[in-house]
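Enquirer: Using only what follows, build the 3D model:
(one chain, ligands or ions: 1)
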Amino acid sequence: MFITLEGPEGSGKTTAVEAAVKKLEEMGYQIVRTREPGGTPISEQIRNVILDKGNTAMDGRTEALLYAASRRQHLVEKVWPALKEGKIVICDRYLDSSLAYQGGARGLGIEEVLNINLFATENTWPDLTLLFDIKPEIGLARINANANREVNRLDLEKIEFHNKVRESFLALAKRFPDRYVIIDASLSRDEVAKATMEAILSRLCK
Ligand code: TYD
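Expert: Now for the predicted structure:
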């Protein structure tokens, strides 16, 4: 099973899934935790180019292509082999981030960005996408309050950009209701962790 975690900046998706991973491992499932962009040496190198705060001249389509390139390499080296071995892959961000950030917020167009991603992923869709939904003001405030969290090139975008990201994710959830579960990420840590676990378990039992 391929599970992806999506949401605006500071939605707490990484923390939310920690408890679920622990519990699933105790239940005997083999879990591979990974992230995009990155997750393999080549993909991490591409990540560094994309998120470098110095790369202010980067064109939107270049950005979208780099995310898709990083995604493909990550699928080839990590995700597909793990899925073949019957493991559960839980990935921070995937194709939906490209649709929301580059397609929606950057204005490149959802269908255009989807097309390059269908080429990159050979139609590999997640079985479950957890959308950690939160108002950008709250998410960005969380990031700024966390001294350990590095601020990247996309975090520096204006609030309107982050509002468009959120709206795009919510629209994607409507478009793909079979695989999307929306989690209210403004709730307490424990409540978010509980909702995360419930969503994964109910998909596993389907
Ligand atoms: P990261 O530090 O991993 O952020 P987060 O903890 O919020 O996931 O940085 C990834 C950034 O890249 C984040 O701002 C979202 C953005 N992004 C895209 O714009 N398009 C994509 O396809 C992906 C995967 C990420």
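Enquirer: So which bits of the chain are right by the ligand?
Expert: Counting by CB under 6 Å from any ligand atom, the residues of the chain close to the ligand are 9, 35-37, 51, 67, 92-93, 97-98, 101-102, 152, 154-155. Quick note: C-beta positions are derived from backbone N, CA and C, even for glycine.
Enquirer: next one: stretch 138-147 to chain centre, how far?
Expert: 18 Å (CA atoms, centre = their mean, to the nearest Å).
Enquirer: Tell me where the chain has strands.
Expert: With DSSP state E as the criterion, the chain has strands at 2-6, 31-35, 88-92, 128-133, 180-184.
Enquirer: Leu156 contacts Lys53, doesn't it?
Expert: Yes: contact criterion CB atoms under 8 Å: Leu156 and Lys53 qualify, at 7.0 Å.
Enquirer: With mean pLDDT and mean neighbour count as added columns, please give the strands of the chain in CSV.
Expert: Listed next are the strands of the chain as CSV, based on pLDDT from 0 to 100; neighbours: other CB atoms under 10 Å:
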stretch, mean pLDDT, mean neighbour count
strand 2-6, 98, 25
strand 31-35, 97, 17
strand 88-92, 97, 22
strand 128-133, 98, 24
strand 180-184, 98, 19
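Enquirer: Dump these to a markdown table, plus distance to Pro41.
Expert: Shown next, in a markdown table, are those (distance: least, CB to CB, whole Å):
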| stretch | distance to Pro41 |
| --- | --- |
| strand 2-6 | 21 |
| strand 31-35 | 13 |
| strand 88-92 | 17 |
| strand 128-133 | 26 |
| strand 180-184 | 31 |
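Enquirer: By mean pLDDT, which helix or strand of this protein comes out lowest?
Expert: None of the helices or strands of the chain scores lower by mean pLDDT, DSSP states H and E than helix 136-145, at a mean of 88.
Enquirer: Could you list every helix and strand that it packs against?
Expert: helix 159-175 (3 or more CB pairs under 8 Å, 6 or more residues apart in numbering; DSSP states H and E).
Enquirer: Does the helix it packs on pack against any helices or strands, and if so which?
Expert: Using 3+ CB pairs under 8 Å, 6+ apart: helix 159-175 touches strand 128-133, helix 136-145, strand 180-184.
Enquirer: helices and strands around the shortest one, which ones?
Expert: Which is strand 180-184. strand 128-133, helix 159-175, helix 189-204.
Enquirer: Throw these into a markdown table and include distance to Arg72, thanks.
Expert: Formatted as a markdown table, the helices and strands packed on strand 180-184 follow (distance: least, CB to CB, whole Å):
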| stretch | distance to Arg72 |
| --- | --- |
| strand 128-133 | 19 |
| helix 159-175 | 20 |
| helix 189-204 | 25 |
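Enquirer: Please identify the most buried of those.
Expert: For the helices and strands packed on strand 180-184, the largest average neighbour count (mean count of other CB atoms under 10 Å) is found in strand 128-133, namely a mean of 24.
Enquirer: With that, I have no additional questions.
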